[in-house]
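> Sequence unavailable; structure follows:
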């Protein structure tokens, strides 16, 4: 069961009370939450001998045998983590000692005033509830520490574990926006930096490209200077093509002054990618459906008006096949969006060879010149086959005349490069800009289909990259880049690409 300080059992020390007083220890205990305990002592000296770290609150009468409650308050304030003090002072004569007002007690309850409306023990219990940490304090479970010093140490330990063990990018910055603490757990959610690289530096001190660093630093200054939090701000870092959701809250010292900020950044690139995929799929599918359905409706009207049946039926069949391809491509995209890609060593030579053989079977008239290095292994996911298949399909379907393709696969330093070159026509420049995110997609700017989007997203799922270039003769050179494993891989341990579902395209089954 989880409880907060106001409804859990409390440990109270009553100083200067006995059962003959209006606020007796027994009466106060009955007014507190169930299982609370009230321990009574008669003097300041006796109070200071108690285990004060185990207390939730001290309740004191003003006049004590060895001083006053003001003296007790001063002695307690010398402790590192003093418990809160509630003063119960006799005001039945219409006045109270000056020290009862001038001493900074956490709460003061006047006895002899308004006791008829509410019993004194109940009013003292209410005062205790206002000074013991409530909604603003932590919610803790039974068995966790409750005294202030132990609870502070416990919270410090929890914070250390969050920074060292939880795989997230958390950070603490000082008033100058310099990193003073950064999470140490292994995490891929930083932008090309290890945790130690941040310490002692501001974002504008070379941690990020200038434009991106400036925005982040300005947010830091705003939080520190205004004391206002920034919560769930979505930020795009174009240098790394990654999205983050960042929260920053003021970090205050013991006097309530802003000493810096505490923040956490969570990568949301996958979610933003899915949102973009849905947006693009919506635009392209809507555009294709409208156009092809208009063709079908128009050709049906011509047949009804006595037009040639054979020619119109052929156009209707072409439009229907195009719609079927669009639906298949949409399903492929949804499968990638819903999947959980895992990189693994992949024999890309075999994968590409299988895809070329399937393409040649679909288009026997095509001339495909393949130059593939043997046993090339790259890190990829099951989506890699989709990327290669769609790239070949796109080149074959959009060629002027007989398709002529050149496919090369080679190792290059820390990556593997697969390049498919074809002849005219070239991919329109605006379409490349939409594909690469340099231009937004809308009813004026959209691609002619989903094929190249499948290439783009499949490569992202595969952990690789794709680039688009124009050849000297006006054709295309599309390059897929896969990372290479850090260590040599035994080819016998690499799965046969021909056994993967994604390698058998829909036209091959």
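The structure has been received and is ready for your questions. As the structure is a computational prediction, the values presented were derived from the model and not from experiment. Numbers count the residues shown, from 1 in each chain.
> what sits opposite residue 244 in the beta ladder?
Beta-bridge partners for residue 244, by DSSP bridges, are residue 235, residue 267.
> Quick check: it vs residue 200, distance?
Applying C-beta to C-beta, to the nearest Å, the value for residue 244 to residue 200 is 22 Å. Using the backbone N, CA and C atoms, a C-beta is placed for each residue, glycine as well.
> These two: which has the busier surroundings?
Taking neighbours as other C-beta atoms under 10 Å, residue 244 and residue 200 compare with residue 244 leading, 22 against 11.
> And the more buried one, what's its pLDDT?
With respect to pLDDT, residue 244 scores 89.
> Tell me if I'm right that it and residue 267 touch.
Yes: between residue 244 and residue 267 there is a contact under C-beta atoms under 8 Å: 5.5 Å.
> Let me know the average pLDDT across stretch 131-145.
Averaged across stretch 131-145, pLDDT comes to 58.
> sorry, that was for stretch 400-411
Mean predicted confidence for stretch 400-411 is 93.
> Off-centre distance for stretch 27-45?
Averaging C-alpha positions (C-alpha atoms, centre = their mean, to the nearest Å) puts stretch 27-45 47 Å from its chain's average.
> sorry, that was for stretch 92-109
Offset of stretch 92-109 from its chain centre (C-alpha atoms, centre = their mean): 51 Å.
> Check which residues of it are buried.
The neighbour-count check on stretch 92-109 (16 or more other C-beta atoms under 10 Å) flags 96, 99-100, 103, 105-109 as buried.
> next one: stretch 478-491
Buried residues in stretch 478-491, defined by neighbour count with 16+ other C-beta under 10 Å: 478-484, 489.
> Please convert the residues you listed to JSON lines, extending it with distance to residue 88 and pLDDT.
Listed next are those as JSON lines, based on distance: C-beta to C-beta, whole Å; pLDDT from 0 to 100:
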{"residue": "478", "distance to residue 88": "82", "pLDDT": "94"}
{"residue": "479", "distance to residue 88": "81", "pLDDT": "95"}
{"residue": "480", "distance to residue 88": "79", "pLDDT": "94"}
{"residue": "481", "distance to residue 88": "76", "pLDDT": "94"}
{"residue": "482", "distance to residue 88": "76", "pLDDT": "92"}
{"residue": "483", "distance to residue 88": "72", "pLDDT": "90"}
{"residue": "484", "distance to residue 88": "76", "pLDDT": "90"}
{"residue": "489", "distance to residue 88": "77", "pLDDT": "76"}
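> Now flag whichever of the residues you listed is closest to residue 87.
residue 483 (68.9 Å; C-beta to C-beta).
> State the number of residues packed around the closest residue to the closest one other than its chain neighbours.
Of all residues not flanking residue 483 in the chain, residue 379 sits nearest, at 4.7 Å (C-beta to C-beta, 6 or more residues apart in numbering). By other C-beta under 10 Å, 21 other residues sit near residue 379.
> Looks like residue 379 contacts residue 463 (just checking).
Yes: Residue 379 is within contact range of residue 463, at 5.9 Å (criterion: C-beta under 8 Å).
> Got the phi and psi for the residue nearest to residue 483?
Per-residue torsions, residue 379: phi -80, psi 120 (degrees, to the nearest 10).
> which residues in the stretch 151-300 of the chain form strands?
Using DSSP state E, counting those that start in this stretch, the strands of the stretch 151-300 of the chain run over residues 169-174, 179-182, 230-237, 242-252, 258-267.
> In TSV: those, plus distance to residue 344.
What follows is the strands of the stretch 151-300 of the chain, written out as TSV (distance: least, C-beta to C-beta, whole Å):
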stretch	distance to residue 344
strand 169-174	26
strand 179-182	31
strand 230-237	28
strand 242-252	23
strand 258-267	22
